[in-house]
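Colleague: quick check, what structure comes out for this input:
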Amino acid sequence: MIRVEGERVTDGIALIVAIRAHQPGETLSFTVRRNGQERTFDVVLDAEVG
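Modeller: Next comes the predicted model:
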């Protein structure tokens, strides 16, 4: 993972913080780099107790 909503994510903690800054039902844009190529996709947040 390299970006959430265009903001750089450097580690797992930063990823959690970026996700928790949003509410269930919101759609976030995630950008990942795999095999040297960047790919962006949208994820709709859900809520789960536990």
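Colleague: quick one: stretch 21-40 to chain centroid distance?
Modeller: How far stretch 21-40 lies from its chain's middle: 4 Å, per Cα atoms, centre = their mean, to the nearest Å.
Colleague: okay, buried residues for it please.
Modeller: For stretch 21-40, the neighbour count (16 or more other Cβ atoms under 10 Å) marks 30-31 as buried. Backbone N, C-alpha and C define where each C-beta goes, glycine included.
Colleague: likewise stretch 4-22?
Modeller: By 16+ other Cβ under 10 Å, the buried positions in stretch 4-22 come out as 4, 9, 18-19.
Colleague: for the chain, which segments are assigned as strands?
Modeller: Secondary structure of the chain (DSSP state E): strands located at 3-4, 7-8, 27-34, 37-44.
Colleague: identify, from the buried residues of stretch 4-22, the entry nearest to Thr40.
Modeller: Of all the buried residues of stretch 4-22, Thr40 sits closest to Val4, with 10.5 Å by Cβ to Cβ.
Colleague: thinking again about what came up before, can you put the strands of the chain in CSV and add mean pLDDT and distance to Ala14?
Modeller: Below are the strands of the chain laid out as CSV (pLDDT from 0 to 100; distance: least, Cβ to Cβ, whole Å):
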stretch, mean pLDDT, distance to Ala14
strand 3-4, 94, 8
strand 7-8, 94, 8
strand 27-34, 95, 13
strand 37-44, 96, 16
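Colleague: before we move on, back to that, pick out the most distant pair among the buried residues of stretch 4-22.
Modeller: Distance extremes for those: the farthest pair is Val9 and Ile19 at 9.5 Å, using Cβ to Cβ.
Colleague: lovely, talk soon.
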